[in-house]
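Kindly return the folded structure for what I paste below:
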Amino acid sequence: QVQLQESGPGLVKPSQTLSLTCTVSGGSITTNYYYWTWIRQPPGKGLEWIGYIAYSGNTDYSPTLKSRTSISRDTSKNQFTLQLSSVTPEDTAVYYCARVSLGLQVKYDYWGQGTQVTVSS
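This next block holds a predicted model:
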């Protein structure tokens, strides 16, 4: 059973960098052909895809967030990390990490429980 767990500060000040880590157990983040993804949900809004780091180490980001986003990984710890720079209160959201598998369909098959991040001074 794959499990994902987000961790990081719940409060970030405007203009600072938000940093969250997702720790994966029950499966390796280098296993073909999974994509390790960050998603967020602002209050009162729908889910927003932020980006992923693939099993290969390749990354892709939302065009609207690309200039501020970096996703990296530590394969020795089986973790991947989101960094979002120059945050504003509009970045306040519940942040989720998830595993995506690509087959006949795209499946978000495992999720973390989510972590609330508030951007406020």
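
mind listing what's buried in stretch 96-111?
Judged by neighbour count (16 or more other CB atoms under 10 Å), stretch 96-111 contains these buried residues: 96, 97, 98, 99, 100, 110, 111. The way it works is simple: take the backbone N, C-alpha and C, and place the C-beta from them, glycine included.

go on, stretch 44-64?
Taking 16+ other CB under 10 Å as the basis for neighbour counts, the residues of stretch 44-64 that come out buried are 49, 50, 51, 52, 53, 54, 59, 61.

Rebuild the buried residues of stretch 96-111 as a markdown table, extending it with secondary structure.
Formatted as a markdown table, the entries for the buried residues of stretch 96-111 read as follows, by DSSP: H, G, I helix; E, B strand; the rest coil:
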| residue | secondary structure |
| --- | --- |
| 96 | strand |
| 97 | strand |
| 98 | strand |
| 99 | strand |
| 100 | strand |
| 110 | strand |
| 111 | strand |
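
picking that back up, among the buried residues of stretch 44-64, which are in strands?
Using DSSP state E, the subset of those located in strands is 49, 50, 51, 52, 53, 54, 59, 61.

Of the buried residues of stretch 44-64, which is the nearest to residue 40?
residue 50 (5.9 Å; CB to CB).

In space, what's closest to the closest one - neighbours in sequence excluded?
Closest residue to residue 50 in three dimensions, ignoring its sequence neighbours and counting by CB to CB, 6 or more residues apart in numbering: residue 38, at 4.1 Å.

so that neighbour makes contact with residue 100?
No: the pair formed by residue 38 and residue 100 falls short of the contact definition of CB atoms under 8 Å, at 10.8 Å.

Please, which helix or strand holds the residue nearest to residue 50?
When secondary structure is defined by DSSP states H and E, residue 38 falls within strand 34-41.

other SSEs contacting that strand?
Counting by 3 or more CB pairs under 8 Å, 6 or more residues apart in numbering; DSSP states H and E, the packing neighbours recorded for strand 34-41 are strand 18-25, strand 48-54, strand 69-74, strand 93-102.
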